[in-house]
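J.: build me a structure from this.
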Amino acid sequence: MKLQTRLVGAFSLLLLTVVAVVGVVVVGSTRNVLVGAIDKDLAVIQAGIRDKYLNSNDLLEQVTLTVDPDRPPVKSPQALVIVDVQKRSVRGQPSGFTDAPDPLPNLEAFADLVENGEISNISSEDGTLDYRAFAWVTDTEEIGVWAVPLGEIDEAVTDLVKMFVITAIVVAVLGAFATWWAVRRELRPVDQMIDTATAIAAGDLTQRVDVIHSSVELRRLGMALNEMLVQIEDAIMQEQQATERLTDFVADASHELRTPIAAVLGYSELYRQGALVDRKDVDNAMRRIGTETSHMERLVADLLLLARLDRPRALEPVLVNLTDVVRDASTNSQAIDPTYPITITSADSVRVMGDEQRLTQVVANLLANARVHTPQGTSVTVSIREIGDRVILEVIDDGPGLPEDDSEKLFERFYRIDSSRSRETGGAGLGLAIVAAIVTAHDGTIEAANEDGHGARVTVTLPAVV
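T.: Residues are numbered from 1 along each chain as shown. Prediction:
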């Protein structure tokens with residue numbers, strides 16, 4: 001059963017219960033009030049007879065045993081009956097109109113009334129009418145009964161019960177309709193949430209819950225769901241991108257390894273088949289095998305480093321003086337090729353938390369990248385400065401700069417700016433990817449752009465030591 005149906009049914013049942021309880025209380029109270037008024041009048045008459053204020057004989061003389069057809073109908077509000085000791089009616093005056101009198105009270109109950117001595121309920125002879133009555137013993141040892149019919153009270157109570165039944169039906173119908181409308185209006189966002197979840201389960205991750213026309217509670221729930229959906233979409237997209245990157249990475253790694261492996265296998269096969277006859281040919285084959293093996297060793301080492309950097313807590317940071325790191329890397333770079341002058345702009349001590357060996361690798365790779373992609377004699381400037389809680393490391397060269405479309409792809413794995421370069425001059429395209437991975441592992445950022453009036457500028461941002 002739907003929630004909307006259960007809520008409508010429960011609220012309608014609650015309304016019926018409330019109306020029923022109110023009806024029982026009101027009907028019971030009304031009947032008690034009306035019967036109490038009769039009992040109050042009967043008590044006054046009963047006290048007058050008991051205390052001799054009212055003479056029994058005087059009451060008996062008022063009894064009319066016959067109906068005069070010539071007289072107009074006269075209504076008597078009570079019945080007065082006198083019976084002898086054998087419970088035979090001696091004289092009696094019924095209640096009601098004289099042309100259609102009510103049935104007399106049941107004679108079998110008179111003895112109980114006398115014994116009880118209180119005002120009690122008795123029924124009529126034919127059982128169609130109830131009376132409130134009391135009895136007393138007259139001066140002639142007969143039994144007198146004074147009874148007031150409850151027919152009008154019963155009719156009034158019956159009409160009141162009918163009114164409450166009709167009211168209950170109307171209230172239940174109107175309440176059910178109002179509840180259905182309100183529940184449908186308030187649960188419409190829930191239906192939309194279900195539709196949104198179904199669409200997302202079908203693969204549409206762009207679906208969101210409309211929270212504009214919702215109540216406060218459902219608006220908060222919708223906002224929470226939307227935030228969760230954003231996170232789920234981001235997580236799935238990141239997973240898909242990671243899977244795509246992994247696929248590309250494996251494909252690129254396989255491609256990079258295929259050439260040196262093929263070279264090693266080729267020279268080995270030539271040697272096995274006896275095609276290398278001269279000592280010179282054998283030495284050349286062994287040299288090429290050694291070169292390709294070294295290349296594969298460097299490539300595998302780079303791949304292992306990238307894999308380690310991709311893991312959480314890949315580094316164990318310590319306090320590092322970044323200025324010393326830059327000076328050492330610059331000294332090594334000029335020892336490799338002194339035709340690239342390097343200028344360092346930095347304070348004597350700029351400290352960061354990090355891995356000194358990996359930070360040295362970052363600066364060394366950036367300087368090596370400047371040497372590879374700029375002509376000899378190009379000057380390089382390395383600057384370090386602190387801005388707020390960040391340390392900015394910049395490597396700027398006076399070379400030709402970066403192609404327009406390369407700045408965003410520069411730090412991708414196996415990406416080469418100049419695809420025509422050989423492995424000896426251009427490498428496998430992992431140098432800057434390793435730099436980006438190391439910087440990311442240090443909670444930093446890296447970006448590349450062209451410096452106005454100069455060449456390429458690579459900016460590394462690291463957290464400062466507070």
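J.: assign Arg208 to helix, strand or coil.
T.: Put simply, Arg208 is coil when judged by DSSP: H, G, I helix; E, B strand; the rest coil.
J.: quick one, what contacts it?
T.: If you count contacts by C-beta atoms under 8 Å, 6 or more residues apart in numbering, Arg208 has them with Thr196, Asn226, Leu229. C-beta: built from backbone N, CA, C; applies to glycine.
J.: pull the distance from the longest helix along the chain to the chain's centre.
T.: Across the chain, the longest stretch assigned as helix under DSSP state H is helix 216-272. Relative to the chain's own centre, helix 216-272 is displaced by 32 Å; criterion: C-alpha atoms, centre = their mean, to the nearest Å.
J.: how many neighbours does Gly28 have?
T.: Residues near Gly28, counting by other C-beta atoms under 10 Å, number 11.
J.: and it, that one's in a helix?
T.: Yes. Judged by three-state DSSP, Gly28 forms part of a helix.
J.: could you check the pLDDT of it?
T.: For Gly28, the pLDDT comes out at 90.
J.: separation between it and Leu42?
T.: 21 Å (C-beta to C-beta, to the nearest Å).
J.: ok, back up a step: and the helix or strand just after the longest helix of the chain with helix 216-272, angle?
T.: Moving toward the C-terminus from helix 216-272, the next helix or strand (DSSP states H and E) is helix 279-310. Here helix 279-310 runs at 170 degrees with respect to helix 216-272, directions being taken by axes from the mean of the first three to the mean of the last three C-alpha atoms, to 10 degrees.
J.: ranges for the strands of the stretch 351-466 of the chain?
T.: Ranges of strands within the stretch 351-466 of the chain are 351-354, 380-387, 390-397, 445-450, 456-463, based on DSSP state E, counting those that start in this stretch.
J.: I'd like the ones you listed as CSV, with mean pLDDT and distance to Gly48 appended.
T.: As requested, these are exported to CSV (pLDDT from 0 to 100; distance: least, C-beta to C-beta, whole Å):
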stretch, mean pLDDT, distance to Gly48
strand 351-354, 89, 110
strand 380-387, 91, 111
strand 390-397, 91, 108
strand 445-450, 87, 109
strand 456-463, 90, 107
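J.: of those strands, which approaches Glu233 most closely?
T.: strand 445-450 (23.7 Å; C-beta to C-beta).
J.: packing partners of the closest one?
T.: helix 431-441, strand 456-463 (3 or more C-beta pairs under 8 Å, 6 or more residues apart in numbering; DSSP states H and E).
J.: mind listing what's buried along stretch 190-201?
T.: Using 16 or more other C-beta atoms under 10 Å as the test for burial, stretch 190-201 gives Val190, Gln192, Met193, Thr196, Ile200.
J.: give the contact list for the third one.
T.: With contact set as C-beta under 8 Å, 6+ apart, Met193 has these partners: Val209, Leu221, Gly222, Leu225.
J.: show me the contacts for the first one.
T.: Remark: with contacts taken as C-beta under 8 Å, 6+ apart, Val209 is in contact with Pro189, Gln192, Met193, Thr196, Gly222, Leu225, Asn226, Leu229.
J.: number of residues surrounding the fifth one?
T.: Okay, so that is Gly222. Gly222, neighbours per other C-beta under 10 Å, totals 22.
J.: quick one: pLDDT of it?
T.: The predicted local confidence for Gly222 is 75.
J.: equivalent analysis for the last one, please.
T.: At Leu229, the model reports a pLDDT of 80.
J.: how close does it sit to Gly222?
T.: Distance from Leu229 to Gly222, by C-beta to C-beta: 10 Å.
J.: and Ser268, by the same measure?
T.: Counting by C-beta to C-beta - Ser268 and Gly222 are separated by 67 Å.
J.: okay, domains of the protein per the record?
T.: 1-54+151-204, 61-149, 208-311, 316-463 (automatic domain parsing).
J.: so which of the strands of the stretch 351-466 of the chain is nearest Thr323?
T.: strand 380-387 (6.1 Å).
J.: just give me how far the closest one sits from the chain centre.
T.: Worked out by C-alpha atoms, centre = their mean, strand 380-387 lies 49 Å from the chain centre.
J.: list of residues touching that strand?
T.: Outside strand 380-387, the residues that reach it (C-beta under 8 Å, 6+ apart) are 322-323, 326, 330, 340-347, 350, 363, 367, 370, 391-398, 464.
J.: neighbours of Met286, just the number please.
T.: 13.
J.: what sits against the residue lying closest to it once chain neighbours are set aside?
T.: Closest residue to Met286 apart from its sequence neighbours, by C-beta to C-beta, 6 or more residues apart in numbering: Tyr267 at 7.9 Å. When the contact criterion is C-beta under 8 Å, 6+ apart, the partners of Tyr267 are Ala285, Met286, Arg288, Ile289.
J.: okay, Tyr267: pLDDT?
T.: So Tyr267 comes in at 81 (pLDDT).
J.: likewise for Leu246?
T.: For Leu246, the model assigns a pLDDT of 72.
J.: tell me the centre residue of this structure?
T.: Leu221 (4.1 Å; C-alpha atoms, centre = their mean).
J.: from Thr5, how far off is it?
T.: When Leu221 is compared with Thr5 (using C-beta to C-beta), they lie 22 Å apart.
J.: ok, Val264 next?
T.: 76 Å.
J.: check Ile200 too.
T.: From Ile200 to Thr5 the distance is 27 Å (C-beta to C-beta).
J.: can you check Val209 too?
T.: 23 Å.
J.: quick one: find the helix or strand in this protein with the lowest mean pLDDT.
T.: Lowest by mean pLDDT, DSSP states H and E among the helices and strands of the chain is helix 423-426, with a mean of 45.
J.: where does the residue of the chain most remote from its centre sit: helix, strand or coil?
T.: Going by C-alpha atoms, centre = their mean, the residue of the chain most distant from its centre is Thr140, 88.5 Å out. The three-state assignment at Thr140 reads coil, by three-state DSSP.
J.: find me the pLDDT at it, would you?
T.: So, for Thr140, pLDDT stands at 73.
J.: how about it, phi and psi?
T.: For Thr140, the backbone dihedrals (degrees, to the nearest 10) come out as phi -100, psi 20.
J.: likewise for the one 3 residues further on?
T.: Geometry field for Ile143 lists phi and psi as phi -110, psi 130, criterion degrees, to the nearest 10.
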